[in-house]
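Compute the structure for the input listed below.
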Amino acid sequence: QVQLVESGGGLVQAGGSLRLSCAASGRTFSSYSMGWFRQAPGKEREFVAANRRDVFDTYYGDSAKGRFTISRADAQNTVYLQMNGLKPEDTAVYYCAATRRLGLRYPSDYDYWGQGTQVTVSS
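Presented below is the predicted three-dimensional model:
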């Protein structure tokens, strides 16, 4: 099993940046593909970005392309989400997730979730 703990959320003005971190427990982190999702009040959980294990291909949701970057440091059991050019519509709880499945874009593709970290972007 994998336990995930996100950090780095907070309040930022529009146009600002934040870097989210997700620390994973266990010694098999490198065997998992990692993803970031977000969920705003009253909305479904939305795919933000993913990083595939081994080949390290990255994938982004439409809202993240060109502004967000996912990266991982297997030696530190950590995955990051660098968010630049933040907008008020980016306000949400951000979750990291881990999977060994092939699919990466849907919440059902993931087996393990963190508790989430709040990101609030003021206008």
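
Can you tell me the centre-most residue of the protein?
W36 (2.3 Å; Cα atoms, centre = their mean).

what's the neighbour count on L86?
Here the number of neighbours of L86 (other Cβ atoms under 10 Å) works out to 21. In this view, the C-beta of every residue, glycine as well, is placed from N, C-alpha and C.

what pLDDT does it get?
You'll see L86 listed with a pLDDT of 98.

same deal with R101?
94.

pLDDT of stretch 22-39, averaged?
93.

can you give me the end-to-end distance of it?
The straight-line separation of the ends of stretch 22-39 (Cα to Cα, to the nearest Å) is 16 Å.

So what sits opposite the residue nearest to the centre of the chain in the bridge?
When bridges are called by DSSP bridges, W36 pairs up with A49, C96.

That one reaches T69, doesn't it?
No: counting by Cβ atoms under 8 Å, T69 is not a contact partner of W36; they are 10.6 Å apart.

Mutual contacts of these two, please.
With contacts taken as Cβ atoms under 8 Å, 6 or more residues apart in numbering, W36 and T69 have A49, L81 as neighbours in common.
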